[in-house]
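Asker: A predicted structure for the sequence below; I have some questions about it.
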Amino acid sequence: MKKRLFPILLLLLLTVLTLASCGEKAPKMTINVYNWGEYISDGSYGELDSNKAFEEYFNTEIQSDGRTLAEKYGFEIEVSYSTYATNEDMYSKLTSGAGSYDVVVPSDYMIEQMINANMLLPLDFGIIKNYSYISEDFKGESVYYDPDNLYSVPYTYGMTGIIYNTALVDEEDIDGSWSLLWNEKYKGKILQFNNPRDAFGSAMYLLGINVNSTSDADWQTALAKLSEQKPLIQAYVNDEIYNKMTTASAAIAPYFAGDYVTMAEQNEDLAFYYPKEGVNYFVDAFCIPKSSKHPDVACEYINFMLSEEPAVANAKYIGYASPNELVKNNADYIDYMGEDAMAILYDTPPSVINESYNKSFGTACYRSLEVLGIQDKVNTLWESLKTENATELWIHVTCIVIVGGVLALGIYTVYIRKKRSRHYRLRDREQKAVKSK
């Protein structure tokens, strides 16, 4: 009887444990993603919410081994998504230790700087199998910022150019050059980037100076050109360029081709060209900081974002060019963007690259000023440009105050003298009156 009872009790125990485990939810883990603002499809306008889609994919979709990723790793996932405005903001946040992030999306020059500072983890391409969809133009040792292709996966890329309002700018003045930003005819209607790399870049391209030069003379020459431009500038701005140009508050601005594609939908008077002297070619890429607590899951996130549905949704939402072949060959994406936008985004102008993208990486892209050893120098030059008029104004105001003070003192002195003179005259009269009595 005891021999029969034992298997029955064991079966009941296993049944209870199984039912109990079915009632338990897998623990949740948060993956922290730090990206540019407005730089991922967020579900607006009925489009895919890429972060929510990753959560669903990770937590519920059965993989080839018959398990979900949640079962494989032992926890479910939720994405905590935050944004930054500049590469430098992101870099400062990471170096200060103020936040721990699993995925970041820096630009090429910042990736170079972060690799140099030993801030990034090598990626696991055994997990990121969709890396195979990235164009060969973005691989190989010619990719200056990550020549061993260990630390980054390209997300978007693009170029800067010039946007102008055809209702405010005469067609005869469009010569396909950076010189339009120095045209005195449009004084007060021209915008310039409010960051040294892009602002100096426009001057250096115009002057034929290597934008990655380490020569003091080259940067001083570019500074002089920007000083010449300054009286014509309405404002030094970055993201505000978008609104100022779409609302016709300004007539001319340097900006990114991908943003122009979206801006043109809001204002049909806007037009765009790549300056013939050359333009900056940039890449933004997925990376994993050393502070990541879950690098394998971060790789799963990157791999998912390279799959067709989220990759297409993100490219449509952002408007920048995609290095992902699944995107470039997607019929829905091509139809959505339209022929003109596809030409602007993907037909690279000869002024940038003559043969292939990666052969010109080192000259068409901005290198890290920190790595080049001239960050402090350029920052000092930039501050001198931004404050030169303020200094002149301060001197002017100071002179006015001094002159005003001198005049006031002179008037006061004359007044006192007259007052004293009157006092003495009255005293003399009183004394004479007393004597006559």
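Answerer: Yep, it's here. Numbers count the residues shown, from 1 in each chain.

Asker: grab the nearest non-local neighbour of the most centrally placed residue in the chain.
Answerer: The residue lying closest to the centre of the chain (Cα atoms, centre = their mean) is T86, at 4.3 Å. Distance criterion Cβ to Cβ, 6 or more residues apart in numbering; nearest residue to T86, sequence neighbours excluded, is N195 at 7.2 Å. Placement of C-beta: from N, CA and C, glycine included.

Asker: ok, the one you found touching N87?
Answerer: No - using Cβ atoms under 8 Å, N195 is not in contact with N87; the gap is 9.6 Å.

Asker: quick one: buried residues of stretch 29-47?
Answerer: Under the neighbour-count criterion of 16 or more other Cβ atoms under 10 Å, stretch 29-47 has 29, 31-36, 39-42 buried.

Asker: which members of the residues you listed are the farthest-apart pair?
Answerer: M29 and W36 (24.3 Å; Cβ to Cβ).

Asker: circling back to that earlier point, N195 and N87: which is more packed in?
Answerer: Just comparing N195 and N87: by other Cβ atoms under 10 Å the higher neighbour count belongs to N87, 23 against 16.

Asker: got a list of what V297 touches?
Answerer: By Cβ atoms under 8 Å, 6 or more residues apart in numbering, the contact list for V297 reads 29, 31, 58, 73, 77, 102.

Asker: give me the number of residues near V211?
Answerer: 22.

Asker: what strand or helix carries it?
Answerer: Assigned by DSSP states H and E, V211 falls within no helix or strand.

Asker: confirm for me that it is in contact with Y205.
Answerer: Yes - assessed by Cβ under 8 Å, V211 is found in contact with Y205 at 6.8 Å.

Asker: okay, H423: pLDDT?
Answerer: The model reports H423 with a pLDDT of 47.

Asker: what do you get for the one 3 residues further on?
Answerer: For L426, the model assigns a pLDDT of 44.

Asker: and if you look at the one 5 residues further on?
Answerer: Model confidence at Q431, given as pLDDT, is 50.

Asker: the one 5 residues further on too?
Answerer: At S436 the predicted local distance difference test score is 50.

Asker: same deal with S142?
Answerer: Note for S142: predicted pLDDT of 74.

Asker: sorry, back to before: make TSV from the contacts of V297 and add distance to R67 to it.
Answerer: Putting those into TSV (distance: Cβ to Cβ, whole Å) gives the following:
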residue	distance to R67
M29	16
I31	19
F58	12
Y73	10
I77	14
D102	22
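
Asker: now the residues you listed as JSON lines including secondary structure?
Answerer: Formatted as JSON lines, those follow (DSSP: H, G, I helix; E, B strand; the rest coil):
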{"residue": "M29", "secondary structure": "strand"}
{"residue": "I31", "secondary structure": "strand"}
{"residue": "F58", "secondary structure": "helix"}
{"residue": "Y73", "secondary structure": "helix"}
{"residue": "I77", "secondary structure": "strand"}
{"residue": "D102", "secondary structure": "coil"}
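
Asker: how about the helices of the stretch 251-400 of the chain, start to end?
Answerer: Remark: helices assigned in the stretch 251-400 of the chain by DSSP state H, counting those that start in this stretch are 257-266, 295-305, 308-318, 325-328, 331-337, 339-346, 361-364, 369-372, 375-436.

Asker: that older thread, give me the subset of the buried residues of stretch 29-47 lying in strands.
Answerer: Cross-referencing those against strands under DSSP state E gives 29, 31-36.

Asker: from the residues you listed, which single one is nearest Y274?
Answerer: Y274 lies nearest to W36 out of these, by Cβ to Cβ, at 22.3 Å.
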